[in-house]
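Peer 1: I'd like to go over a predicted model; first the sequence, then the structure.
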Amino acid sequence: LEGLTLDSGWRVIERVPTQDGATGGCFSCSYIVEKASRKAFLKALDYSKAEEIASQMSVDIPTALQHLIAAYNFERNLLQRCAQKRMDRVVVALEDGSIRVDEGVFGAVNYLIFEPADGDIRNHLAVVARVDLAWMLRCLHHIATGLYQLHSTSVAHQDLKPSNVLVFERKISKVADLGSASIKGVECPRDGVRFAGDRTYAPPELLYGHQDPEWNRRRQACDVYHLGSMVVFLFCGIGMTAMILRHLPFERHYQTWGGTYAELLPEVRDAFGKALQEFEHNVPGDALRAALREAVAYLCDPDPLLRGHPVNRRGVANQYSLERFVSLFSLLAQRAEIGILERA
């Protein structure tokens, strides 16, 4: 696509190389585009990957192409829905469309254009001091808000991880990449897989094959866990799942365990307790340490039936509501920003 100009006036400047260690976006190509000195990020559907998808899914190439197009249409329509709902902590598309590159059957390439970010939170952490508590806590507030906005319209993200949180103007964080999302009551492209997102960050129950048929307990509980895992990542550099697994014997890892998740749950809970202790050692200040330990304990409980704020679990509200955590991270960020958190 380099050198081509879209009907809307965007000129494709250059292709963005895939970063080392990147996951996701395997069936698209990324480009920098420019219009009137304004730059943006274009994600183009890569039809050349149809053969690879056909092999992975054990289907013919026409079926694989249908899968690619269905996934694109799902993400495009969901992004439009988020834009209509004015979700300001979710990355939405500036525009979508197609551009013809040749006269073949698939000569028209579908694309999405996004506002350019400074990078994801991994890039930001590499250049800011790890003791910048105000930024880290405000980032958590923005992430929780983004998930809360999605959940308010019965959308579960399912693939929240460091590379899917983008930073804008060095201070605003937004949840990105809705390609693995699930919508309650709607058939979605990734609904049939064991875990829709990056397995590195999967909640343990999904990693071990436990799949609750109830949508909230399977989908929203996954996002709740991911939010807690992001807290752990910001202070420890790894997610909660990786931390739990290193406190389990290898024969109890999901690759080798032959029993059910219910049978293993007591050992997972013990490993979770050790992971919480490890997390605590990386959080400065008694007040912040206590608040975040409690939040992570609620968010990342290995049993999805016990996950979420206990007040919500006791009442008639959705136990996976993130409203209380949005408020908590906002309060902690405000205290850090005015310099009173460290003294508390």
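Peer 2: Good, I have the coordinates. Residues are numbered from 1 along each chain as shown.

Peer 1: got a pLDDT number for the nearest residue to residue 253 once chain neighbours are set aside?
Peer 2: Excluding the flanking residues, the one nearest residue 253 by CB to CB, 6 or more residues apart in numbering is residue 245, at 6.0 Å. Where you see a C-beta, it was placed from the backbone N, CA and C, and this is true even at glycine. Note on residue 245: pLDDT of 97.

Peer 1: Next, work out how far apart residue 245 and residue 73 are.
Peer 2: Separation of residue 245 from residue 73 (CB to CB, to the nearest Å) stands at 36 Å.

Peer 1: Between the two, which has more neighbouring residues?
Peer 2: More neighbours surround residue 245 than the other of residue 245 and residue 73, with 21 against 13 (other CB atoms under 10 Å).

Peer 1: And the more buried one, how far from residue 82?
Peer 2: Separation of residue 245 from residue 82 (CB to CB) stands at 33 Å.

Peer 1: Likewise for residue 46?
Peer 2: Distance, residue 46 to residue 82, by CB to CB: 24 Å.

Peer 1: Same drill for these two, tell me which one is more crowded.
Peer 2: Neighbour comparison, residue 46 and residue 82: the larger count goes to residue 82, with 23 against 15 (by other CB under 10 Å).

Peer 1: what's near enough to touch the more buried one?
Peer 2: Counting by CB atoms under 8 Å, 6 or more residues apart in numbering, residue 82 touches 90, 92, 149-150, 153, 155, 178.

Peer 1: what mean pLDDT does stretch 145-163 have?
Peer 2: pLDDT averaged over stretch 145-163 gives 97.

Peer 1: ok, now stretch 324-335?
Peer 2: Taken as a whole, stretch 324-335 has a mean pLDDT of 97.

Peer 1: For the protein, just list every one of the helices.
Peer 2: Per DSSP state H, the chain carries helices over the ranges 50-57, 61-84, 121-127, 133-151, 204-207, 215, 221-236, 240-245, 261-280, 286-299, 310-314, 323-337.

Peer 1: Minimum distance to residue 8: which of those helices has it?
Peer 2: Closest approach to residue 8 among those (CB to CB): helix 61-84, 15.0 Å.

Peer 1: these two touch, right, residue 295 and residue 327?
Peer 2: No. When contacts are counted by CB atoms under 8 Å, residue 295 is not listed as touching residue 327 (11.2 Å).

Peer 1: And the two? Which one has more around it.
Peer 2: Ranked by neighbour count (other CB under 10 Å), residue 295 and residue 327 place residue 295 first, with 21 against 12.

Peer 1: Distance check, that one against residue 193.
Peer 2: Distance from residue 295 to residue 193, by CB to CB: 29 Å.

Peer 1: any weak-confidence spans in the stretch 201-344 of the chain?
Peer 2: Scanning the stretch 201-344 of the chain for pLDDT under 70 picks out the ranges 342-344.

Peer 1: make it 80
Peer 2: 315-317, 341-344 (pLDDT under 80).

Peer 1: go on, the stretch 1-150 of the chain?
Peer 2: For the stretch 1-150 of the chain, the stretches flagged by pLDDT under 80 are 18-27, 102-107, 126-131.

Peer 1: Try it again at 90.
Peer 2: Applying pLDDT under 90 to the stretch 1-150 of the chain flags the ranges 1, 16-29, 37, 45-59, 61-69, 99-109, 118-119, 122-133.

Peer 1: now, which of the contacts of residue 82 sits nearest residue 124?
Peer 2: Distance to residue 124 across the contacts of residue 82 (CB to CB) is lowest for residue 90, with 18.2 Å.

Peer 1: List the residues that contact the most centrally placed residue in the chain.
Peer 2: The chain has residue 160 as the residue nearest its centroid, 1.5 Å off, counting by CA atoms, centre = their mean. Residue 160 is in contact with 143, 147, 175, 197, 201, 223, 226-227, 229-230, counting by CB under 8 Å, 6+ apart.

Peer 1: and of these, the nearest to residue 278?
Peer 2: Set against residue 278, the nearest of the contacts of residue 160 by CB to CB is residue 229 (13.5 Å).
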